[in-house]
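> Here is my input, please return the structure:
(chains A and B)
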Amino acid sequence: MKARMIAYRHQDSPIHRLGGAAKLAFFAIWSVTAMMTYDTRALGFMLAIAVAAFAVSKVKFADYGFVLYLILFFFLLNHIAIFLFSPLEGVKIYGTRHDLLHLAGRYWVTEEQLFYQFNIALKYMTVIPMALLFILTTHPGEFASSLNRIGISYRIAYSVSIALRYIPDIQRDFQNISHSAQARGIDISRKEKLLKRLKNVVGILMPLILTSVQRIETVSAAMELRGFGRGRGRTWYNARPFRTGDYAAVALVVAIAAVTAWLTFRDGSRFYNPFR
Amino acid sequence: MGDNRRPAAEFKGFSFQYRAQSEPTLHDIDLVIHEGEKVLIVGPSGSGKSTLAHCINGLVPHFHAGEMEGEALIGGENLAELDIFALSRKVGTVLQDPDGQFVGMTVAEDIAFTLENDGMPQAEMKAKVAAAARSVGMEGHLESSPQSLSGGQKQRTSMAGVLVGEAGILLFDEPLASLDPEAGRLAVEMIDDIHRQTGCTVIIVEHRLEEVLHRSVDRIIVMGEGRIVADLSPEELLSSSTLRELGLREPLYLTALRYAGCPIGPELKPASIETVSLESGGADQLRAWHEAAEAAQPLLAREPVLELEGISYAYDAGKEVLSGLSLSIGEGELVGIVGRNGAGKSTLSRLICGFGRPTAGRILYRGRDIAGDTIKERSERIGYVMQNPNHMISKHLIYDEVALGLQLRGAGEEEIRERVLETLKICGLHPFRSWPISALSYGQKKRVTIASILVLDPEVIILDEPTAGQDFRHYNEMMEFLLELNRRGKSIVVITHDMHLLLEYAERTLVIGEGRVLADALPADVLTDAALVEEASLRETSLQRLAARAGIGDPREFVRRFIVRDREARRS
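Reported below is the predicted structural model:
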């Protein structure tokens, strides 16, 4: 509970100065592009841009370190799983086979597999910095207006903002509830057997859900009393108008997407193949 | 002059029944509140005062549905025909829960919320938000997140958020319920300033009469059992017996005047401690009473049950919440712990219960260091009752909830039954033993949580704000119940901001601040010490002012003697 979760910190950098809506659009197009292509040259180019953007933003490691480790852990897990389930996927894709090392049974390390997994790693490494950057450099109050800006209904967009607003309160409720449960003798630590522990956790969740439902009722009454939902649209205190920098960022990402798409689909395959 | 003013809110033969209830909550209400008036609506819990307020801001019938009869006009228009949005332009509401109504990620955003919903252009909005923030003294916190604000600051943000809407009627729904006494005083002053500056109609719903009357109001409407019982000026109301008949608390200085034998009538100008007239004999009577009254006893020396020695604790390295705190709780004592928010009161109880480890110091239970005891083991000796009962209740039925702790400790079926039923009897919950907890009132739920702790038979019970948000009658019931437990030998520690609780029940008061115990004294001595009062976010009582005005040389001794007299009155 004490680890510092990923959070916005007020700083000044060219990235911080970009509007939330532009960054959100950038991130969305960027991710789709990176997910689509397996072209190593394109991914390498995107990675270079991502690293440069990260450097320009001046964000502090302490602000995202914990989350980065978490992501890296899953990243590693993902790679092991890919190899375990499909050790010859690269061979299938690239149509050649260069064995390097025999591990056991059907598990061969091949150049093709290594290259395939290297590409997947590249995808991760291009998308993760951008996702982190979006969260770290966008004021949470700007999330909702950004979502609304790219065409999502303000009611849905605002619910994102409300969720962010009340997460710390709900965390505090949870802490209180779990403390009182522990004092009564409900153990949710590792000392208890798994099944019993699960049952105990459910016992804690009930009051948490009930208090949260009550909270939602108060919040929605408060919002209606202040005219939320009155009109078709609403304005945003924290919205930032599109500036030159924002247009430039969006233009850049569209150009990257176009070049990548051209590179990727030019020869009819999503995979750049150095083995032929 | 009342006739030529236009009505802001008007009820004619108005009744309302919630859809889920079998009886109407409001009966036959006839009431006119004029434009520009400042009106206080008082009444015990369940008297219908909140429902009446909701009929003004439109939560009834638009959010809470039900049957209406008669007529209700808000700003000259029929309540039934207005939707909640149209009403929100006429009536601005500050709700009781400062957290629930804070919907923005920052102060500025929260203030702007109404304007955003109106679709106001950003530049205009920024100017208005800045002006509103200045008018409530929050201009230095525009970018602060709600988690970094105190309750009072959150409430001031809500006030600014209502002011920007420029509604003609401002409605405050129990504005003092979740504030400490000092923040409460500031809130009352701010509401008054807003009323003077904007000329709005101000309606305050609250049961803490004396606190609201710190600044004058035009009229007080008293509700009881869904009806209007009285609609009087403050002078008339305080001169009548209505408050006592309904189980509402009268201002302390009036209680003191009654003890001194002064007849209280309108000629006494009883609405405020500053206006109350003592010249025609009152002062003499008070002085005579003071001379004759029984002197207060010094504190009894007691066998310590729980001792803290040099406790330090820090959440983040370097920033100590507690530094070298020592205190002792005696056997069979009832102690009040006070201190401003963030002084470390909750941290203290958490450390005692074992939810965290002190970085230095020892906690002794009957002379034995309990550092090695688990949370579970400690809870059999020291029970901790949280402020919000909903955080503690996890079962559907009362019996099961109270039995839970014993079941988890592997007690036998027969023993559990016996102990649970015995506990339920002590707590006055025996008749409800097979009820679902959801059918209970807030005060009863609180009792269930106390019962669920009591059943483990701890010797010390720590309660966090046991009387918060409860009216005088429920406050009395709760405290008499705790006093009864205390008489049965339990040591009771109450963490509180409730000054009445300190005056009426606490044997001793500990003031916590700067990470240690700043004072350990009789409640009267703490409440009459200006520096301690400020440190603990309390306020001086009107008794002290009364003593000064009556020319009593030692106001502290006057408060002590008042407490002795008052506790006697309570016992008989």
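> alpha carbons only for contacts and neighbour counts from here, please
Fine.
> Verify the stated contact: residue B:266 with residue B:232.
No: with contact defined as C-alpha atoms under 8 Å, residue B:266 does not reach residue B:232; the gap is 11.6 Å.
> Around residue B:269, how many other residues sit close by?
19 (other C-alpha atoms under 10 Å in any protein chain shown).
> Skipping adjacent residues, who's closest to it in space?
Nearest residue to residue B:269, sequence neighbours excluded (C-alpha to C-alpha, 6 or more residues apart in numbering or on different chains): residue B:276, at 4.8 Å.
> Would you agree the one you found falls within a helix?
No: counting by DSSP: H, G, I helix; E, B strand; the rest coil, residue B:276 is located in no helix; its state is coil.
> burial of residue 141, as a residue count?
I went with chain A, as the question did not name one. Neighbours of residue A:141 (other C-alpha under 10 Å): 22.
> hm, I was asking about chain B
If we define neighbours as other C-alpha under 10 Å, then residue B:141 has 16 of them.
> mind checking pLDDT for residue 151?
Just going to use chain A. Here, the pLDDT recorded for residue A:151 equals 89.
> that's the wrong chain, I meant chain B
91.
> thought it was touching residue B:97?
No: using C-alpha under 8 Å, residue B:151 makes no contact with residue B:97, being 9.2 Å away.
> From the contact counts, what lies against the helix or strand containing residue B:543?
Here residue B:543, judged by DSSP states H and E, is contained in helix B:542-549. Contact analysis of helix B:542-549 by 3 or more C-alpha pairs under 8 Å, 6 or more residues apart in numbering or on different chains; DSSP states H and E lists helix B:252-259, helix B:555-571 as its packing neighbours.
> Turn these into TSV, including mean neighbour count.
Shown next, in TSV, are these (neighbours: other C-alpha atoms under 10 Å in any protein chain shown):
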stretch	mean neighbour count
helix B:252-259	19
helix B:555-571	18
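> Turn these into TSV, columns for mean pLDDT.
Shown next, in TSV, are these (pLDDT from 0 to 100):
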stretch	mean pLDDT
helix B:252-259	95
helix B:555-571	92
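> want to throw those into TSV with distance to residue B:181?
As requested, the helices and strands packed on helix B:542-549 are exported to TSV (distance: least, C-alpha to C-alpha, whole Å):
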stretch	distance to residue B:181
helix B:252-259	15
helix B:555-571	18
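> what are the ranges of the strands in chain A?
A:99-104, A:107-110 (DSSP state E).
> Residue B:480: neighbour count?
15.
> Kindly provide the distance from it to chain A.
With distances taken as C-alpha to the nearest C-alpha, to the nearest Å, residue B:480 is found 24 Å from chain A.
> And for residue B:264?
Taken as C-alpha to the nearest C-alpha, the span from residue B:264 to chain A is 42 Å.
> got it, and residue B:57?
7 Å.
> Pretty sure that residue sits against residue B:91.
Yes: the pair residue B:57 and residue B:91 qualifies as a contact (C-alpha under 8 Å) at a distance of 5.7 Å.
> Give me the common contacts of those two.
Jointly contacting residue B:57 and residue B:91 under the rule C-alpha atoms under 8 Å, 6 or more residues apart in numbering or on different chains are residue B:171.
> near chain B at all, stretch A:206-219?
Yes: under the criterion of C-alpha under 8 Å from any C-alpha of the partner chain, stretch A:206-219 makes contact with chain B via A:206, A:207, A:208, A:210, A:211, A:215, A:218, A:219.
> Read off the pLDDT value for the third one.
Model confidence at residue A:208, given as pLDDT, is 91.
> Run a quick neighbour tally on it.
25.
> Likewise for the fifth one?
Using other C-alpha under 10 Å, the number of residues around residue A:211 comes to 18.
> need the contact list for the residue nearest to it when sequence neighbours are not counted.
The shortest distance from residue A:211 to any non-neighbouring residue, by C-alpha to C-alpha, 6+ apart, is to residue B:390 (6.5 Å). If a contact means C-alpha under 8 Å, 6+ apart, then residue B:390 has A:207, A:210, A:211, B:445 as its contacts.
> ok, so of those residues, who is nearest residue A:14?
residue A:211 (41.9 Å; C-alpha to C-alpha).
> Might one say that the closest one is in contact with residue B:389?
No: Residue A:211 is not in contact with residue B:389 according to C-alpha under 8 Å; the separation is 10.0 Å.
> mind listing what residue B:252 touches?
B:210, B:541, B:542, B:543 are the contacts of residue B:252 under C-alpha under 8 Å, 6+ apart.
> Going by neighbour count, which of those residues comes out on top?
For the contacts of residue B:252, neighbours tallied by other C-alpha under 10 Å; top is residue B:543, 23 neighbours.
> Shouldn't residue B:337 be within a strand?
Yes: under three-state DSSP, residue B:337 sits within a strand.
> Let me know the pLDDT of it.
97.
> what do you get for residue A:192?
75.
> and the helix holding residue B:543, which residues are buried?
Neighbour counts using 16 or more other C-alpha atoms under 10 Å in any protein chain shown place B:542, B:543, B:544, B:545, B:546, B:547, B:549 of helix B:542-549 among the buried residues.
> show me what contacts the fifth one?
Same thing as residue B:546. So residue B:546 contacts B:253, B:273 (C-alpha under 8 Å, 6+ apart).
> And the strands in the stretch 151-300 of chain B, which stretches?
B:169-173, B:201-205, B:219-224, B:227-232 (DSSP state E, counting those that start in this stretch).
> what stretches of the chain score poorly on pLDDT?
Assuming you mean chain A. A:1-6 (pLDDT under 70).
> my question was about chain B
Using pLDDT under 70, chain B drops low at B:1-3.
> ok, now how distant is the residue in the stretch 1-150 of chain A that chain B sits nearest to from residue A:236?
Nearest to chain B, among the residues of the stretch 1-150 of chain A, is residue A:141, at 5.6 Å (C-alpha to the nearest C-alpha). Noted for residue A:141: a distance of 9 Å to residue A:236, by C-alpha to C-alpha, to the nearest Å.
> can you give me the helices in chain A?
A:14-17, A:20-36, A:40-57, A:61-85, A:89-94, A:111-137, A:140-149, A:154-184, A:194-225, A:244-265 (DSSP state H).
> quick revisit: shared neighbours of residue B:151 and residue B:97, anything?
Common neighbours of residue B:151 and residue B:97 (C-alpha under 8 Å, 6+ apart) are residue B:178.
> tell me the contacts of residue B:227?
Residue B:227 neighbours (C-alpha under 8 Å, 6+ apart): B:26, B:27, B:28, B:29, B:47, B:48.
> Swap in 7 Å and give it another go.
Contact analysis of residue B:227 by C-alpha atoms under 7 Å, 6 or more residues apart in numbering or on different chains lists B:26, B:27, B:28, B:29.
> Strands - which of those land there?
B:26, B:27, B:28, B:29.
> In chain A, which residue is most central in space?
residue A:131 (5.1 Å; C-alpha atoms, centre = their mean).
> Now it: closest residue in space, sequence neighbours ignored.
In space, residue A:131 is closest to residue A:27, 6.8 Å off (C-alpha to C-alpha, 6+ apart).
> Next: residue B:120.
Nearest to residue B:120 is residue A:235, by C-alpha to C-alpha, 6+ apart, at 6.3 Å.
> circling back: can you put the strands of the stretch 151-300 of chain B in a markdown table and add distance to residue B:459?
Listed next are those as a markdown table, based on distance: least, C-alpha to C-alpha, whole Å:
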| stretch | distance to residue B:459 |
| --- | --- |
| strand B:169-173 | 39 |
| strand B:201-205 | 40 |
| strand B:219-224 | 40 |
| strand B:227-232 | 45 |
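> With respect to residue B:353, which of those lies nearest?
That would be strand B:169-173 among the strands of the stretch 151-300 of chain B, by C-alpha to C-alpha, at 35.5 Å.
> same for the closest one, what does it pack against?
Here strand B:169-173 touches strand B:91-94, strand B:201-205, going by 3 or more C-alpha pairs under 7 Å, 6 or more residues apart in numbering or on different chains; DSSP states H and E.
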